[in-house]
Each structure stands twice: as structure tokens, then as C-alpha cells.
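*Asks:* 3D, please:
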Amino acid sequence: MSSRPGLIRRFFGGLWWLLDFTRRLVLNLVFLGLLVILAVAWFAGGKTAPLKDKTALVLDLRGDLVEQYSVSSARAALSQALAEPRSETRLRDVLQALDAAAKDPHISSVVLALDDLDGAGTPQLREIADALQRFKTSGKPVLAWGSSYSQRQYYLAAHADQVWVHPDGNVFIRGFGGTGLFFKNALDKLGITVYPFQAGKFKSAIEPFTRAEPSPEALEADLSWMTSAWASWTAQVEALRKFDAGTIDKLVDEAPQRLAAAGGNIAKMALDAKLVDGLKTRDEFRALMIERGAPIDDKAGTFRQIPLEAYVARLKPETSGPQIAVVVAQGEIVDDDNTPGMVGGRATAELIRRARESDEVKALILRIDSPGGSAFASELIRRELELTRKAGKPVIASMGNVAASGGYWIAAGADQIQADPSTITGSIGVFGLLASFDKSLEKLSIGTGGVGTTWLAQAMSPTKPLDPRVAEMVQLSIGHVYKQFLDNVAAARKSTPEKIDAVAQGRVWTGRQAKEHGLVDVLGGLTSSTAAAAQLAKLGDDYRVVYFEREPQGLDRVLAMLFGEAARLGVAHFGWTLPAPWVEVQRSAERELRLLADAPAHPLRAYAHCLCATP
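*Replies:* Purely as a prediction, here's the structure:
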């Protein structure tokens, strides 16, 4: 009778030993691999092999274009070390590579490989476009080939000296626009009552919960900024392709007829419209590059080239000279500092404080790509910028894709605000949101009950209809925060709250429109903002740009160090490279429903959020 338990114990004991042995074996092999890489790099003297002449820099943009990685540094380093497909490309890396390549005698050309570029806003693309133009002044060509071009991909390709597309590919230009999701009817069916509070008649961020369709005011405001952004986009592309003004709109209007004339061949339609210079397969493009003097790389069987990631890994950062600090505010602004891919109010304020207290830092740039969020967290960041200015260090707010609502709130703390003509900004307004589920519970025949020591103890329960006294409190709070918003902006813009209110009311503007209304000082990007910071700090050309970012802690720090170094050495020494409209809808729904779910936990929270994105 006793032998059976012993047999079972030995079986599971052996199974556990096998699992534990396998785990330790895998970890040891990974660690051994890292040691081998580090040893090879050590004996190689820590030097990378020099580039050969006539090497093409392949700008292989992959995934979303971002200001900083939205995942932890350890996760990013691990992905790179394991050669996983890159899901994000940092804007700063692209700009650094292009500016370095312009001066590099070994780089003979830039090849745009944009097939895997997914998300990118026009302001970010314009930053790269400007860097491409700087590269071209060196006398070196920029060439583009793609299997197909989306609208954002083609914007960059249009900056090339020559553009080719696959004979079976296409160039898809459609303009700016989109549709949102409106949940009111669905919420009614579920028995969920939403109580909206807002300050600003154009503050449409709350409409998905209160309407079955957008309001006329929201449609008016959206069409206004989209028309402005589209005019900027078409004007630049038409100038690059030497088209007459209005050509792009005409091509879109005549698309069905033009496609019929091309026999249904979309690539030929693009060629006939002179959007591209030729139709070539990938192997034909490679042959063309070799024919033009880029030698065959025997190892790879193609023209001599280096991908973006490998080239960036070779660049050495400057280690001396006064610093211009850059703090990135990318994502929704939240009170929680541990939410990946978002702007933590306390954490971002701490980064600004670190930069201010550093003797090496002479100026600060806040790079913003945020639709806003928590008004409280936004104020924490703005206050630190104000203190930095009072400490005598110039502050520039550099707006990227979006710097609206809370994104504009934090920008108001700067000495100067710069924005791209297509940046989505403004949306100076505030809203609050509460919801009750009493009707849902009634439909499910679920009863509720309880007691409280004061009327307020139960008044905010989502299981009951909203108490009118609570509604009054929330609206008063929203009005107070909106007044604070107006006062801050008026003081920063040397205006009055009344004048700011006239262009506020939650209305969204493009950067160009915002400048016309006095909300932006200069139309420019990150490069322009850096030059302005250096000028205000009287640094001349003697400075270096340093990004202040959150440092990994604990195990995350160890992994970042190990895998980060392994990835850098792998790319630089061994040439490791990465393998070759429902998403937007999903992101929009997740973002808006997260706000609804957050409401019961924070009944008096004020949001400065535009729920918007650059096209």
C-alpha cells in the first residue's frame, strides 16, 4: 500500500528535476553566448570593421516611427539581441544616421526601403524629409524602391531623386480623413448611463459616449484642421515632383478613369501620373544599383549596403561639451508612472528636475507627442518647466505629431513653442466623465443596498443614478480646471484669458493655424528646436544633445546592460539584421473604453485630452 505514493513522488520529483535542469541549461547557454560575444568584441579591440567605399545606407524603416521606445529598455535590448522583427524605429536614430551619412566618405547614397513602415505622423515624416534634403546637399543621391507605397510611405519616397515601384505594386493616395466609434446606443442597450461634464463647446473627446454620431461643431473643427494639413502635404509633394498646384487632388478625383485607362494596372496608373519614375522588380533594382557603381557584395549577393540599425550602432556619441537636454513626453499623460508607453506625470517631472539640477545642462527641450490626459499630471510637468526657466535655463517645447489638450498644457511652461505645420495642437478644454450601471443591474435582476456615514459616502457609487449634488461638484471642478488652463496659457502667451478662450473651447488646430492664432511661436521641428535652444543658451556650435530618460531598475537594469551590449556588438561586429485600418480602429476603441472604465475610480478627475491623432 505504501509503494504507490512513493512511486508517484519519485515520478513527479524526476519530472521537476528534468524541468529545472532544462531551465538552467537554457539560461546557461544564453549566458555562454553573451560571454562569447563580449569576448570576441574584447579581443577585437572594441573596434568595428571600417566601411568600404561606395556603400549605400539602406533606410529600412520598420514598424511605428516613435520619439522613444514604448517598451522597457530591457525588452527593447532583448528583442534586438534575439534579432526579432523591429516594431518601432526611433526618429532620433534616423536623423542622426542621415546627418552622419552626409559627411561619411564611405556612404555614396541612401536607399529608402519603406515597405515595413507602419505608423508615422506627417510631422515626424517631415523631420526625416528635411534630413533627406540636407543629405542631398552633399551631392549624394537618394533612391526609393517599394513593392507598394502607402500615403505616408510615398511622402518620404517623393523626396528621393528617383522613385521606383514594383510592376504589380501601387501608390495609394487618398487624403486625410477617418471615422470614429460612437457608443451611446450600445451603452443604452447595456443599461449604462454616462454623465458628461465639459468646458469648451468644441471639446468633442466626450462625444463617443454621449452621441450616436459626431456633432456639427466636431465635424467643422475636424474638417478645418484636416484641410489645412492636407494642403501642406499636397503642396510639398507637388513641389518635389514638379507638379502644378492642385495636381494631387485632381489625381484622386480622376482615379477611376485613370485606372481604367491603365487597364486596371495600379502601378502603371502611378507611372502614367508621374508619381513614380519607373516600374522595377526587386532584382531589377539591385541590378540597377550595381550598374550605377555600387559594387557587388559577394557575401550578400547584392550591392554594397548597410542597414539603418547597423549604421547607428557604429556612430559614437559625443562625450564632452555643454548639454542640451531632451525630455520626451510621448503617449497619454497619466498619474501612474509605471504605465508603459505613456507619460507619467511624476516621472516626467523628475526627469525635468534632473536636467535642471545638472550643471552640464544649459538648455532643455521638451519633445511632445501626446494627445493629453490627466490635468493634474500635466500641471506637475508644466510646473517643473516653469521652475527650469526661473533657474535661468531656456526651455523649448518641440511639438511632434500631437501636442493637444494636456499636451498643450505642458507646452505652456516653455520659453518658446515650436510646431510642425501639420502638428495637431490646441484643444484647450477640459472634461470629466461619470457612469452608472444601475439600469444594467436592474436588467439582470441584481439588487443593491448598503449604508454610509454621510450622503457622499454612497453618492458616487456606479450602482446608483448620479446624485445632482455630485454632478454640481464635478462641473464646478471642471470649470475651475478650465480657468486654470486659460490662465496658464494666457500668462505664457502674454495674452488675456478672454483672448485665449476665443481660440480655446476645446478646438483642435494644426500647427500652422495655431501660429496664426498666437498659440505657437515658430513652425519647425526637432532640429529647429535644438538650434533655438542653443541660441537662447548662447552655446554657439559647441554643445551636445543628451536625452534624459528613465533608467531601468533592478533586474530590468541588469537585462538591459547584458542584452543591450550584446545587441550593439552583434549589429556592429557581425552584421545582424532584422528580417524583412483595423489597427487604428482597435486602438481608438481601447483608448476610449479605458476612459469609461477609469471613471468610477476617479469621479472628480479632470481630463485635458483630445482623443485625436495626426493623419
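*Asks:* just want the most central residue of the chain.
*Replies:* Centroid-nearest residue in the chain, with Cα atoms, centre = their mean: residue 66, separated by 3.9 Å.
*Asks:* look up which residues are beta-bridged to that residue.
*Replies:* residue 90 (DSSP bridges).
*Asks:* just want to check the distance between it and residue 406.
*Replies:* Here the distance between residue 66 and residue 406 works out to 19 Å (Cβ to Cβ, to the nearest Å). C-betas here are computed from N, CA, C, even on glycine.
*Asks:* send me stretch 53-67 as CSV with only the CA atoms.
*Replies:* Extracted C-alpha coordinates of stretch 53-67, given in CSV (Å, rounded to 0.1, in the frame of the first residue of the first chain):
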residue,chain,number,x,y,z
ASP,A,53,33.7,52.8,-50.3
LYS,A,54,30.5,53.2,-52.2
THR,A,55,28.3,51.7,-49.5
ALA,A,56,24.6,52.5,-49.7
LEU,A,57,22.8,53.4,-46.4
VAL,A,58,19.5,51.5,-46.6
LEU,A,59,16.9,53.4,-44.6
ASP,A,60,14.8,50.4,-43.7
LEU,A,61,12.2,52.0,-41.5
ARG,A,62,10.1,49.3,-39.7
GLY,A,63,7.0,49.4,-37.5
ASP,A,64,5.9,52.7,-35.9
LEU,A,65,8.1,55.8,-36.0
VAL,A,66,8.5,56.9,-32.4
GLU,A,67,10.2,59.6,-30.3
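*Asks:* in it, what's buried?
*Replies:* Of all the residues in stretch 53-67, those buried under the rule 16 or more other Cβ atoms under 10 Å are 55-67.
*Asks:* now swap in stretch 104-111 and tell me
*Replies:* Buried residues in stretch 104-111 (16+ other Cβ under 10 Å): 104, 107, 108, 109, 110, 111.
*Asks:* what sits up against it?
*Replies:* Contact partners of stretch 104-111, identified using Cβ atoms under 8 Å, 6 or more residues apart in numbering, comprise 50-59, 98, 101, 132, 135, 140-145, 289, 293-294, 305.
*Asks:* pLDDT at residue 83, what is it?
*Replies:* pLDDT, residue 83: 51.
*Asks:* before we move on, the earlier item: now, the contacts of stretch 104-111 that are in strands?
*Replies:* Of the positions in the contacts of stretch 104-111, 55, 56, 57, 58, 59, 142, 143, 144, 145, 305 sit in strands, assigned by DSSP state E.
*Asks:* just those now: which is nearest residue 529?
*Replies:* Closest approach to residue 529 among those (Cβ to Cβ): residue 59, at 22.6 Å.
*Asks:* how many neighbours does the residue nearest to residue 60 when sequence neighbours are not counted have?
*Replies:* Distances taken as Cβ to Cβ, 6 or more residues apart in numbering put residue 113 closest to residue 60, at 4.4 Å, once the chain neighbours are dropped. Residue 113 is flanked by 20 other residues according to other Cβ atoms under 10 Å.
*Asks:* is residue 113 bridged to anything, and to what?
*Replies:* Beta-bridge partners recorded for residue 113 (DSSP bridges): residue 60, residue 145.
*Asks:* and it, how far is that from residue 62?
*Replies:* From residue 113 to residue 62 the distance is 9 Å (Cβ to Cβ).
*Asks:* just the mean pLDDT for stretch 220-234, thanks.
*Replies:* 93.
*Asks:* and that stretch, what's buried?
*Replies:* 221, 222, 225, 226, 228, 229, 230, 231, 232, 233, 234.
*Asks:* what's the most distant pair in the residues you listed?
*Replies:* Checking the buried residues of stretch 220-234 with Cβ to Cβ, the most distant pair is 221 and 234, at 20.8 Å.
*Asks:* surely residue 281 meets residue 165?
*Replies:* No. Using Cβ atoms under 8 Å, residue 281 makes no contact with residue 165, being 10.2 Å away.
*Asks:* the more surrounded of the two?
*Replies:* Taking neighbours as other Cβ under 10 Å, residue 281 and residue 165 compare with residue 165 leading, 28 against 15.
*Asks:* which residues in the stretch 451-600 of the chain form strands?
*Replies:* Listed in chain order, the strands of the stretch 451-600 of the chain (DSSP state E, counting those that start in this stretch) span 508-510, 522-523, 544-547.
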